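Colleague: please work out how this folds:
(chains A and B)
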Amino acid sequence: MRERYDPEQIEGKWQRSWEQEKLFQASDDPGRKKHYLLEMFPYPSGKLHMGHIRNYSIGDVVARYKMMRGYNVLHPMGWDAFGMPAENAALENETHPAKWTYDNIGYMKSQLKRMGFSYDWDRELATCDVDYYKWEQLIFIKMYERGLVYRKKALVNWCQECQTVLANEQVEAGRCWRCHGEVDKKELEGWFFRITAYAEELLEYCDKLPGWPEKVIAMQKNWIGKSIGAEIDFPLEDGDGAITVFTTRQDTLYGATFMVLAPEHPLVLELCKGRREEAEVRSFVEKVRRQDLIMRTAEEMEKEGVFLGTRCINPLTGRRMPIYTANFVLMEYGTGAIMAVPTHDQRDFEFAKKYRIPMIVVIQPPGEELDQATMTGAYTGDGIMVNSPPFDGMDNRQAMEAIADYLEEKGVGRRAVNYRLRDWQISRQRYWGAPIPIIYCDHCGVQPVPEEDLPVVLPLDVEPKESGRSPLPDLRSFVETTCPRCRGLARRETDTMDTFVESSWYFSRFTCPDYDQGPLERERLEYWMPVDQYIGGIEHAILHLLYSRFYTKVLRDMDIGSFDEPFINLLTQGMVITDGAKMSKSKGNIVDPDDMIERYGADTTRLFSLFAAPPEKDLDWKEEGVEGSYRFLHRVWRLVHELRNYLSEQPHPKVRSDLPRDLWEIRQKVHKTIKKVTEDIERFHFNTAIAAVMELVNHIYQTKDEIEDTPLARSVWQETLESLALLLSPFVPHIAEELWEGLGKEVSVIKAPWPEYEREAIAEEEILVVVQVNGKLRDRLLIPASAEEQEIRERALASPKVKRHIEGKAVKKTIFVPKKLVNIVCA
RNA sequence: GCGAGAGUGGCGAAACUGGUAGACGCACUGGACUUAGGAUCCAGCCCGUCAUAGACGGAUGGGGGUUCGAAUCCCCCCUCUCGCACCA
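Modeller: Model prediction:
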């Protein structure tokens, strides 16, 4: 063991050793209790950033801890390797997306290895490998057969920048989730996954995920957006047919005085056709359509609309309701049409005021009388029904049920549940993705590629186009094919799948990455899944996590797996920031992991990222803090280097009276630290776990020079240093191995069992009891642990510091908390 | 607007079920060792008052409450962060 801690000297050495010994290889051994630990796999963008480092450092603590705890740990790593940046980079650097991607994977893998993460690299997978996506294509076909995949023409979100369609979840405040460019609406035909078929189950299971952060659960519930209400049909005044609306407030139906359709609603142009309003309606619809999403969803968007020149009939009142189209009604939600009740909905109120549409109050708040003529805003609360003849006097909550019954009875409406969740649009007009395995035949129509013809290989002999458009549609060798049914000439689908499809099942594939008979091998899948602990960024709270949950249920229903949910426990870690701001190239505040590793080593980098903040909080990267972590490791090193000359394998007595006081205290501190670190790792409080080890080290520094070199001391030092190496090993594995070896151990520290604290060792001889008078701290007493309550009370009252405060006062009562405190209450 | 969360020293943060507020680290200050130190070791480090040891008082965004006792529980308010956002 060298005198000076030199990470460069030891880190590579141990990384090679772990690799040679295959220490992190998970065995598919059903006889052992498993622990599947997973961190979100990275997109191979070029190099790791600090967010990755933090994410994977957190995961590695848990993985190594669980290994030492005797679990059969699966801790895999792979690459979310399809995606747009590869295409952009390929253009910029005149390379091929595949080459760019695989080069990046190579480099980032070397970075992960330099960090010493405990991955089972034998299970590595990249989603752009045919061996991976061919199974995705098979799953697609099976979903198609089950009606979970369908093709439709729809108004979709189009990202100009990315030249592709985006799913609803991928639009954030009107902008693209990746490039933050503006998103337009565009009518396009594409493929959809019927995720809405699982809306109810996805929602229901939100409450069966106690291991998930509440925040994420709330976001998912919110996104699914279930609302319970009714569908009501409003017959058209002229001609046949009716407009159906969805409402959650059927209790206000008697107050519905007009109807509003979304500008995109197909009836809008149909209804105004040939009327004098037609031109105005057309220009309004055009105007709204030109407004982009950002404008349309802006905070103070003025409510505007136009009359279609025709009316419909309120099915319960018979009232003639003018039909409008307006910018505040969304085609995406409900039926794209609303019944407007200006008295009890603020938006309808504003609209009615602006266009002078009549209002009728139908709910009176308790102890108040609303008048439609003088109201200044809608009343949305509960109350008593009025102006709704059969229901007048009824509580509106009851009326909701009663009116729903009445509608069903009369056949003009029905109870209905509506979800905000839309089907998942998965067609991407991009090259670097998994081809959608579909063939179009002029005679036979849409044909899925037969199983035996899979995979549809993404051709690599293409050049990306300057325009960003996919080269696939122009690639005759790809497009031209034969119809699997009639053998005639046919065309291949040239869209590729959303890359979120790959990441929706990769965690399952890790259980059997080499399986070649199907996407997943039952036995291994069932052994390892579900993931016991998943760790990643909060930015995936909806997108990736919702899709993965959906996919898991789909696979279950195909009888591929028997579990309902993919991730039992979820930890969402905070961002890594510098000076309070997110790291970004434009701000120039990026901290480069390579630079950190080079200057301080992997262990210091890991230690700081774990110590500076608890995992869920944002972490401010501070050079001074990194120095502090580096200093601590040097301090540990020097300690072991010095004390290793005074060790003995001889077991020492465990009975307190057989050890001198100072040695006993060291032993007690060691065992208290074991307890604290163990508990803190279990609850992911890594920062306080590390603080506890620092305390131990401080304690040893303060006492070591006073301790005589005796055989007893030597065996206590032995236990102390061994514990230190063991406790540090999940956090800073390289130095821990080196210290462990320095203590004469020949087998890796990770093979050693995690230390257990001894109950007798942490037992206190004396207890610090706090004495309060009227809740104010007055004295601290060291009391023998064996003392009885009566004795402690007496000693508390006898304390001079206490006496001073109770003198001349009557003691009303004393509160006694065993082993903690005495509170004397006096007048 | 709806939903979730957070406000504690100069800074990052501790305090598990109410029971010593500020562990641990950073920064800072002083001392020791030293030719030197930005190395290392030791010590100090919330604010105020009393000249001191020490004592007393105040302090966990603000205000109220429950309690012998509140950073922690309840109510009101303020600020910030995140998510959704004309959701019918």
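Colleague: check the separation of the first and last residues in stretch A:244-263.
Modeller: 15 Å (CA to CA, to the nearest Å).
Colleague: buried sites along it?
Modeller: Along stretch A:244-263, these residues count as buried under the neighbour rule (16 or more other CB atoms under 10 Å): A:244-247, A:249-263. (C-beta placed from N, C-alpha, C; glycine too.)
Colleague: how about stretch A:254-262, does it get close to RNA strand B?
Modeller: Yes: using CB under 7 Å from any atom of the strand, stretch A:254-262 reaches RNA strand B at A:Ala262.
Colleague: and that stretch, how far from the chain's centre?
Modeller: Between the mean C-alpha location of stretch A:254-262 and the chain-wide mean there is a distance of 40 Å, by CA atoms, centre = their mean, to the nearest Å.
Colleague: about what we covered before: narrow the buried residues of stretch A:244-263 to those in strands?
Modeller: When DSSP state E is applied, these are split such that A:244-247, A:258-261 fall in strands.
Colleague: let me know the secondary structure of the closest residue to A:Thr248 other than its chain neighbours.
Modeller: The spatially closest residue to A:Thr248, leaving aside those adjacent along the chain, is A:Gly229, at 3.6 Å (CB to CB, 6 or more residues apart in numbering). Following DSSP: H, G, I helix; E, B strand; the rest coil, A:Gly229 is assigned to strand.
Colleague: name the nearest residue to the closest residue to RNA strand B within the stretch 151-300 of chain A, sequence neighbours excluded.
Modeller: For the stretch 151-300 of chain A, the nearest residue to RNA strand B under the criterion CB to the nearest atom of the strand is A:Thr247, separated by 3.1 Å. Nearest non-adjacent residue to A:Thr247, counting by CB to CB, 6+ apart: A:Gly229, 5.1 Å away.
Colleague: residues in contact with the residue of the stretch 151-300 of chain A closest to RNA strand B?
Modeller: Contact partners of A:Thr247, counting by CB atoms under 8 Å, 6 or more residues apart in numbering, are A:229-230, A:232, A:253, A:338-339.
Colleague: the residue nearest to A:Thr247 reaches A:Asn418, doesn't it?
Modeller: Yes: using CB atoms under 8 Å, A:Gly229 is in contact with A:Asn418, at 6.8 Å.
Colleague: intersection of neighbour lists for the two?
Modeller: Between them, A:Gly229 and A:Asn418 have A:Phe246 as joint contacts when contacts are counted by CB under 8 Å, 6+ apart.
Colleague: which SSE is A:His544 in?
Modeller: Using DSSP states H and E, A:His544 maps to helix A:543-557.
Colleague: now do the helix or strand just after that helix and helix A:543-557, the angle between them.
Modeller: Heading C-terminal from helix A:543-557, the first helix or strand you meet, by DSSP H and E, is strand A:567-573. Strand A:567-573 runs at 170 degrees relative to helix A:543-557, counting by axes from the mean of the first three to the mean of the last three CA atoms, to 10 degrees.
Colleague: residues touching strand A:567-573, excluding its own?
Modeller: The list of residues contacting strand A:567-573 from outside it, by CB under 8 Å, 6+ apart, reads A:38, A:54-55, A:58, A:209, A:211-213, A:215-216, A:507, A:530-538, A:541, A:545, A:548, A:615-616, A:684.
Colleague: isn't A:Met1 up against A:Leu643?
Modeller: No: assessed by CB under 8 Å, A:Met1 is found out of contact with A:Leu643, at 11.4 Å.
Colleague: comparing these two, which residue is more hemmed in?
Modeller: For the pair A:Met1 and A:Leu643, the greater number of neighbours falls to A:Leu643 (20 against 13), based on other CB atoms under 10 Å.
Colleague: show me the contacts for the more buried one.
Modeller: If you count contacts by CB under 8 Å, 6+ apart, A:Leu643 has them with A:700, A:704, A:717, A:720-721.
Colleague: swap in A:Ile690?
Modeller: By CB under 8 Å, 6+ apart, A:Ile690 lies in contact with A:607, A:610-611, A:731.
Colleague: and of the residues you listed, the nearest to RNA strand B?
Modeller: Set against RNA strand B, the nearest of those by CB to the nearest atom of the strand is A:Phe611 (6.9 Å).
Colleague: count of neighbours near that closest one?
Modeller: 23.
Colleague: chain neighbours aside, what residue packs nearest to it?
Modeller: By the measure of CB to CB, 6+ apart, the closest residue to A:Phe611 outside its immediate chain neighbours is A:Ile690, 4.7 Å from it.
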